[in-house]
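J.: Following is a predicted model, sequence given first.
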Amino acid sequence: ASYARIKETDESIKAFLTLNEDGARTEARELDNRLQQGGEKGLLFGLPAGIKDNIVTEGLLTTCASQFLSNYNPIYSATSARKLKDADAVTIGKLNMDEFAMGGSNENSSYYPTRNPWNTDYVPGGSSGGSAASVAAGQVYFSLGSDTGGSIRQPAAYCGIVGLKPTYGLVSRFGLVAFASSLDQIGPLTKNVEDSAYVLQAIAGYDASDSTSANIDIPDYTAALTGDVKGLRIGVPKEYLGAGIDPRVKEAVMNALKVYESLGATWEEVSLPHTDYAIATYYLLASSEASSNLARFDGVRYGVRADNPDNLIDLYRKSRSQGFGPEVKRRIMLGTYALSSGYYDAYYLKAQKVRTLIKGDFDNIFKQYDLIIGPTAPTPAFRIGEQVGDPLTMYLNDICTIPVSLAGIPAISVPCGTADGLPIGLQIIGKAFDESTVLRAAHAFE
Ligand code: GLN
């Protein structure tokens, strides 16, 4: 059914880069055999899953939507992909994205842009745009995405589905092709909050292969879905509802807050005073980390090697010039500059200090409130092509998601309305490792 749906819809949506049709049929047959023999069912038994193409999958092409990795066939699977398999999910294929997860519209894919299933003239968001569009179009039951500055939450909002960025360290990054290692986090994109809890349950947990993996007990996330939010204290940052926020988005958020009031929760306006610095801080830090992480793509170890180099340096230069797209090059240059001697203190180190202040803003609010609620993105999806010539405007789309990433805390986007037929997302932000409260509040609203 999943492949039939893909055949029917993916010519216009273009969510997939690689299909795993033979592999998936074999996996499904094995599950069926096991069931016939009286075997147990895993948590995600038989569910068709899509995986973002920066999560490595053994024997299944993993391109990061880059020409550089157009021939990269991994010899191992990411921990998250392996855990999906351990839970008996079936891998349908690999999903389109912005190249190396750099972008917010899927237009930076070096293959083709994915389109928004609600209206194919519009972007699905990004960078996990394929992951969001595929779930919204009913091609897969759920997908995995990655979120560095909003890349799960924003496409979920644009495509009218649920996207959860877990606390940094909750889900192993082993086998996630690194963009910005101190920010990257894998999470589920699903049709509803209950599914999100199930998928999180399957992929969360300590992994000795990821040095930043948190060694904590994993709660029962579905048990948190009680429907009860009485007495929850919600802070609503005035910075997330001010200038630059589409009035229709603001109205949808205010309506959601009324729902919470009616369910017995309370809310008050709060302030996250360093929000103005978040975008600059993020783009310095994320680009710095990216410039270091992407140094491994040299034409020798991974992916495509340029033809006819004059010497070794020329091999690096040609492979990188041909392999990376314009946005990736822009970030590598920005990051290399910020890390250069003489500039390190002024940019990278300064950005690290501001990051601490931004995290402090959240710590302060969470002394008095259980959750923070605002929009996921300032506007609904925009038209394909509308912002491509203007990277700075594109960067501003992340104003509500980036501070959360810098603080390393969990947040979910759930649908909260539409404007001109395009979905709007509500962002619910929680304390570190308190995914249970985030999911409970999202579920009660849904
Ligand atoms: N849009 C942001 C960027 O371009 C976030 C990307 C992400 O979370 N991977 O960096």
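T.: Here it is on my side, so go on.

J.: isn't residue 417 right up against residue 254?
T.: No - in terms of C-beta atoms under 8 Å, residue 417 does not count as a neighbour of residue 254; the distance is 10.3 Å. Every residue, glycine included, has its C-beta placed from N, CA and C.

J.: Could you pull up the mean pLDDT of stretch 27-38?
T.: Average pLDDT, stretch 27-38: 96.

J.: The ligand contacts on the stretch 101-250 of the chain?
T.: Proximity of the stretch 101-250 of the chain to the ligand is confined to 101, 102, 103, 104, 127, 147, 148, 149, 150, 151, 179 under the rule C-beta under 6 Å from any ligand atom.

J.: More neighbours: which of residue 417 and residue 254?
T.: Higher neighbour count among residue 417 and residue 254: residue 417, with 18 against 12, using other C-beta atoms under 10 Å.

J.: Is the more buried one in a helix, a strand, or coil?
T.: Using DSSP: H, G, I helix; E, B strand; the rest coil, the structure places residue 417 in strand.

J.: how distant is stretch 150-170 from the center of its chain?
T.: For stretch 150-170, the separation from the chain centroid amounts to 5 Å (computed by C-alpha atoms, centre = their mean, to the nearest Å).

J.: Stretch 393-409 too?
T.: Distance of stretch 393-409 from its chain centroid, counting by C-alpha atoms, centre = their mean, is 12 Å.

J.: can you pull the buried residues of it?
T.: Of all the residues in stretch 393-409, those buried under the rule 16 or more other C-beta atoms under 10 Å are 394-395, 397-409.

J.: would you list every one of the strands in the protein?
T.: Assigned by DSSP state E, the chain shows strands spanning 16-19, 48-52, 90-95, 142-147, 162-165, 185-190, 233-237, 266-270, 371-375, 411-419, 422-429.

J.: Mean neighbour count, those strands: which tops it?
T.: The highest average neighbour count among the strands of the chain, using mean count of other C-beta atoms under 10 Å, belongs to strand 162-165 at a mean of 32.

J.: For it, give me every contacting residue.
T.: Strand 162-165 is contacted from outside by 128, 132, 145, 147, 150, 152-153, 155-157, 185, 187-193, 195-196, 200, 401, 404-405, 410-415, 425, 435, 438-439, 442, 446, using C-beta atoms under 8 Å, 6 or more residues apart in numbering.

J.: For that strand, C-alpha coordinates in PDB please.
T.: The C-alpha coordinates for strand 162-165 follow below in PDB (Å, rounded to 0.1, in the frame of the first residue of the first chain):
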ATOM      1  CA  VAL A 162       3.600  16.500  14.300                       C
ATOM      2  CA  GLY A 163       7.400  16.900  14.600                       C
ATOM      3  CA  LEU A 164       9.400  16.400  17.800                       C
ATOM      4  CA  LYS A 165      12.900  17.500  18.400                       C
END
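
J.: Need phi/psi at the closest residue to residue 233 other than its chain neighbours.
T.: Leaving aside its chain neighbours, residue 233 sits nearest to residue 369 (4.6 Å; criterion: C-beta to C-beta, 6 or more residues apart in numbering). When read as degrees, to the nearest 10, the backbone of residue 369 gives phi -130, psi 150.

J.: What is the burial count for residue 369?
T.: 20.

J.: and which of the buried residues of stretch 393-409 is nearest to the ligand?
T.: residue 398 (4.9 Å; C-beta to the nearest ligand atom).

J.: got a list of what the closest one touches?
T.: By C-beta under 8 Å, 6+ apart, the contact set of residue 398 is 104, 149, 150, 154, 279, 282, 377.

J.: Hmm, residue 399 and the fourth one touching each other?
T.: No - shown here, residue 154 and residue 399 do not form a contact pair, counting by C-beta under 8 Å, at 10.6 Å.

J.: Quick one, grab the pLDDT at the residue nearest to residue 156 when sequence neighbours are not counted.
T.: The shortest distance from residue 156 to any residue other than its chain neighbours is 2.7 Å, reached at residue 163 (C-beta to C-beta, 6+ apart). Among the per-residue scores, residue 163 shows a pLDDT of 99.

J.: Identify the bridge partners of residue 163.
T.: residue 189, residue 413 (DSSP bridges).

J.: Return the distance of it relative to the ligand.
T.: Residue 163 is 11 Å from the ligand, where distance means C-beta to the nearest ligand atom, to the nearest Å.

J.: from here on, count from 19
T.: Got it, the first residue is 19 from now on, which makes the last one we talked about residue 181.

J.: Now do the residue nearest to residue 67 when sequence neighbours are not counted: how many residues are near it, please.
T.: Closest residue in space to residue 67, ignoring its immediate chain neighbours: residue 107 at 4.3 Å, by C-beta to C-beta, 6+ apart. By the criterion of other C-beta under 10 Å, residue 107 has 28 neighbours.

J.: Residue 107 and residue 70, how far apart?
T.: 14 Å (C-beta to C-beta, to the nearest Å).

J.: ranges for the helices of the stretch 19-168 of the chain?
T.: Secondary structure of the stretch 19-168 of the chain (DSSP state H, counting those that start in this stretch): helices at 20-31, 39-54, 97-104, 147-154.
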